[in-house]
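Chemist: sequence unknown, structure follows:
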Ligand code: UDP
């Protein structure tokens, strides 16, 4: 059997007063039509990265609505994840050659996991490329297969799509985070666009007292009387941690006592993480005002997003960037890379700042820290933007619509 991820119960009723009542009513009415369904979500890892974060928050709400939903992860190790991280990088635009050995590894792991798949499901949702080939190895039956792509594939290396093409053909529908991520000639005819979302009631995003947040940050060795810029991200080249360090170095020439925090989680399916982490540590060694942490708890993340002077997400490519929504929800000022899903969230100058270079990033850090009123105004608009567009009940509604539509046809 694939590995079943345990779920902590949540209730959709608790979101009354946070999102519009109409939205909750629509969720109830959509869910009533499909309560006898069996839905399975499969991804690569139960910890680390945005997919696990979303599933952790989303599956309990479907269960609360009596929609029979289960989350399982594949059985795999670095042999597969080395290959699929190169697919991931290829989909984000890096050149990707898929050799014979890589193909064999990918196919073997997927065939093996197909064998481990148990149960009779009405809908199976496969997340990202790691388990994408599973349906290829199974007999066709009534099950509807959906592929959920969380990656910014707007400039993908054609080799990756070409290699995945026969596997993609097995699916009944695909969900992308943005319209512009769908490639020309994509083999799945039924395409949907659903923007990701955060859970305002999770440990990571619930409102915490600023004093508590500051004391948590202080307990990690920071001086809370001096400015703090923070990026929370996997250690991944696309998140540009080295660019963040460069921007910090420029900004600190103008901002006395500036501190930089880089917090990263090590996802099981991202073997590149430790290599980038090591680079970041080596580069930062001599600067006592750079703080690097790995695998902090959700309350710590909450504290850094709430009480840092500002938050950076200097990605070069970004499917969505939950970390942006998380910090905006806490009324913090986010300076984000002008790319992919970050553009959905940050309206430049209104709900945060978009930047295209190290210099621009440093400039916005200095400007914002010199005028604290900037954060106050932008922070309020940022929170409202996230409330309207990027909270988990809206994601739930969008996906319930898809399940309903898929089964009607
Ligand atoms: N995250 C975390 N601890 C870390 C770094 C990241 O809990 O040290 C979380 C972060 O808060 C967010 C998710 O991991 O919920 C990352 O999602 P995002 O969409 O920003 O990026 P991805 O990793 O999926 O590319």
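Modeler: Arrived safely, thanks for sending. Because the structure is a prediction, the values reported are computed rather than measured.
Chemist: Around the ligand, pick out the residues from the protein.
Modeler: 49-50, 53, 204, 232-234, 263-265, 296, 301, 320-323, 326 (Cβ under 6 Å from any ligand atom). For glycine as for every other residue, the C-beta is placed from the backbone atoms N, C-alpha and C.
Chemist: Inside strands: which ones of the residues you listed?
Modeler: The strands, defined by DSSP state E, take in 232, 263, 264 from the residues of the chain next to the ligand.
Chemist: Which one of those residues is nearest to residue 116?
Modeler: residue 264 (30.5 Å; Cβ to Cβ).
Chemist: Contact partners for the closest one?
Modeler: 232, 233, 234, 235, 241, 273, 277, 292, 293, 294 (Cβ atoms under 8 Å, 6 or more residues apart in numbering).
Chemist: What about the residue of the stretch 151-300 of the chain found nearest the ligand, how many residues nearby?
Modeler: Nearest residue of the stretch 151-300 of the chain to the ligand: residue 265, at 3.4 Å (Cβ to the nearest ligand atom). As a burial measure, residue 265 scores 20 neighbours (other Cβ atoms under 10 Å).
Chemist: how many neighbours does the residue lying closest to it once chain neighbours are set aside have?
Modeler: Of all residues not flanking residue 265 in the chain, residue 48 sits nearest, at 4.4 Å (Cβ to Cβ, 6 or more residues apart in numbering). Residues lying near residue 48 (other Cβ under 10 Å) number 19.
Chemist: And the pLDDT at residue 48?
Modeler: You'll see residue 48 listed with a pLDDT of 87.
Chemist: before we move on, back to that, which ChimeraX command selects the buried ones in the contacts of residue 264?
Modeler: To isolate the buried ones among the contacts of residue 264 in ChimeraX, judged by 16 or more other Cβ atoms under 10 Å, type:
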select :232,233,234,235,241,273,277,292,293
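Chemist: And the contacts of residue 264, which is closest to residue 310?
Modeler: Nearest to residue 310 among those, with distances taken as Cβ to Cβ, is residue 232, at 12.4 Å.
Chemist: which non-adjacent residue is nearest that closest one?
Modeler: residue 263 (4.5 Å).
Chemist: Stretch 42-59 spans what distance, first to last residue?
Modeler: Stretch 42-59 has an end-to-end distance of 12 Å (Cα to Cα, to the nearest Å).
Chemist: For that stretch, what is the distance to the chain centroid?
Modeler: 9 Å (Cα atoms, centre = their mean, to the nearest Å).
Chemist: do the same with stretch 123-140
Modeler: Distance, stretch centre to chain centre, for stretch 123-140: 20 Å (Cα atoms, centre = their mean).
Chemist: I'd like the numbering to begin with 851 instead of 1 from here.
Modeler: Let's use 851 as the start, then, which means that last one is stretch 973-990.
Chemist: How about that stretch, which residues are buried there?
Modeler: 973-987.
Chemist: Kindly report the same for stretch 1030-1046.
Modeler: By neighbour count with 16+ other Cβ under 10 Å, stretch 1030-1046 contains the buried residues 1031, 1032, 1033, 1036, 1038, 1042, 1044, 1045, 1046.
Chemist: which SSE is the last one in?
Modeler: Assigned by DSSP states H and E, residue 1046 falls within no helix or strand.
Chemist: any idea which of the ones in strands among the residues of the chain next to the ligand is closest to residue 1070?
Modeler: residue 1113 (9.4 Å).
Chemist: Residue 1155 versus that closest one, what's the distance?
Modeler: Relative to residue 1155, residue 1113 is positioned 9 Å away (Cβ to Cβ, to the nearest Å).
Chemist: Spatially nearest residue to residue 930, not counting backbone neighbours?
Modeler: Distances taken as Cβ to Cβ, 6+ apart place residue 959 nearest to residue 930, at 4.3 Å, with adjacent residues excluded.
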